[in-house]
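1. structure, please.
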Amino acid sequence: MSYKFFIHTALLLLCSSKALFAQQANKYEVFSVNGQKGIVEIATLEEVLEPHKDNEALEISNKYFLLWQQDTVRPFNKQTGAWEKSLPVVRTQPTVDLNNKEYLHVIAHKKSVLYDGNMKLRYSLPGLYADFFPKRDLIPDGFLIAKAGKKAHVLALKGDQFVLLHQLEATSFSNEVLELPDGNSQEVGVLFGGAHTYVFNGKFELIKTINSFVQSDLYLDRLLNPAARRMGTASGPEYAASIEAPDLSFRETGSDAQHIYYTTGDGKVKLTVNKNMKVVGKEGAMIWVYKVNRSEKEGSSDVNYGAANSYSFLLDRARGKALIPGKYYTEMGLQVLFIR
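-> The predicted structure follows:
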């Protein structure tokens, strides 16, 4: 391979990567005023969707703004600026956490299906479920536990379909440790809250059934390991030394008669707001600017602020601005300065 060919190929790949990134970048973003969500065009800061009390939204995707409309969700594509076809969702459980990702819980042909963050159908379930067991982080990857009346349906992912593994009377799920006769231990999952308590391995294979009703996971260890003796240590747990990350949180660093100044801990971003405002948040996440309400009572001063008196938005370092329509800049007295 010649050197010129290598350079030409590398440049083509670089240009293709940049074009793909530009194509995938959001051209619109979500903001809120007084707890009500809206949409702003990033390039112009024009208001595309005005904040309104009925703009209830789901937040599972960086690419889409999902607007609730009764029992449907209407996706707004933040890359194209287009409203796409509405999807019927299960309002009691509109999103499902699977393998540490959020999916939209949609109804199709009287069954539950899951849409990913690109609004593409990913998984189908064997029935229509109104609710799923909480504590998603406790349930192994590739499994869901759905509520079906008084029973728990344990569902296992096979390709793009979920299959029903178990139908058991239970109201709760917990991770526990089962001590074995040889002195070793095994991590297990436990379904409980019904007439029996069911113990599973990591593949949701039933390894033990205990004919006992348990109301709370506080009693599970005693039920699983009745003869165990718990031994503790005086030294306590050891933790690995953490690596200090730069402080990107905003803190008040000054003021004058009309304004208050806020700066991130690393000194790279500065915000100015009106005297009656308070900034909370950090660069890289949603910034909240609260309108502070002060009330004087018998010589004391109470300061109140909350979502009902607020603005929230993202900061765009590349363009050097806050992603919220210009008229709200004026209301907040907002100025943004990025230091290279």
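2. the stretch 1-150 of the chain: strands as residue ranges?
-> In the stretch 1-150 of the chain, the segments counted as strands under DSSP state E, counting those that start in this stretch are 28-33, 36-41, 47-49, 57-58, 64-69, 72-77, 87-88, 95-98, 101-108, 111-115, 121-124, 143-148.
3. any idea of the mean pLDDT in the third one?
-> Per-residue pLDDT values over strand 47-49 give a mean of 96.
4. neighbouring strands for it, and are they parallel or not?
-> strand 36-41 (antiparallel) (DSSP bridges).
5. what stretches of the stretch 151-300 of the chain score poorly on pLDDT?
-> 228-244, 295-300 (pLDDT under 70).
6. the strands in it, which residues?
-> Going by DSSP E, counting those that start in this stretch, the stretch 151-300 of the chain shows strands at 151-158, 161-169, 172-179, 185-192, 197-200, 206-210, 250-255, 259-264, 269-274, 277-280, 287-291, 293-297, 300-304.
7. count the neighbours of Phe173 for me.
-> Phe173 has 22 neighbouring residues, counting by other C-beta atoms under 10 Å. C-beta here means a position set from N, CA and C on the backbone, and glycine is covered the same way.
8. you'd agree it is up against Ile139?
-> Yes: at 6.6 Å, Phe173 counts as touching Ile139 under the criterion of C-beta atoms under 8 Å.
9. what touches both of these two?
-> 133, 145, 189 (C-beta atoms under 8 Å, 6 or more residues apart in numbering).
10. what pairs with the nearest residue in space to Asp131 that is not next to it in sequence across the strands?
-> Spatial nearest neighbour of Asp131, excluding adjacent residues (C-beta to C-beta, 6 or more residues apart in numbering): Lys147 at 4.4 Å. Applying DSSP bridges to Lys147 gives these bridge partners: Ala152.
11. Lys147 reaches Phe133, doesn't it?
-> Yes: assessed by C-beta under 8 Å, Lys147 is found in contact with Phe133 at 6.8 Å.
12. could you say which helix or strand holds Thr330?
-> helix 326-332 (DSSP states H and E).
13. what residues sit buried inside that helix?
-> Buried residues in helix 326-332, counted by 16 or more other C-beta atoms under 10 Å: 328-329, 332.
14. pull the residues that contact stretch 310-324.
-> So stretch 310-324 is contacted by 29, 31-35, 40, 42, 45, 269, 283, 285-291, 328-329, 331-332, 334, 336, 338 (C-beta under 8 Å, 6+ apart).
15. quick one: distance of it to the chain centre.
-> 20 Å (C-alpha atoms, centre = their mean, to the nearest Å).
16. thank you kindly, that will do.
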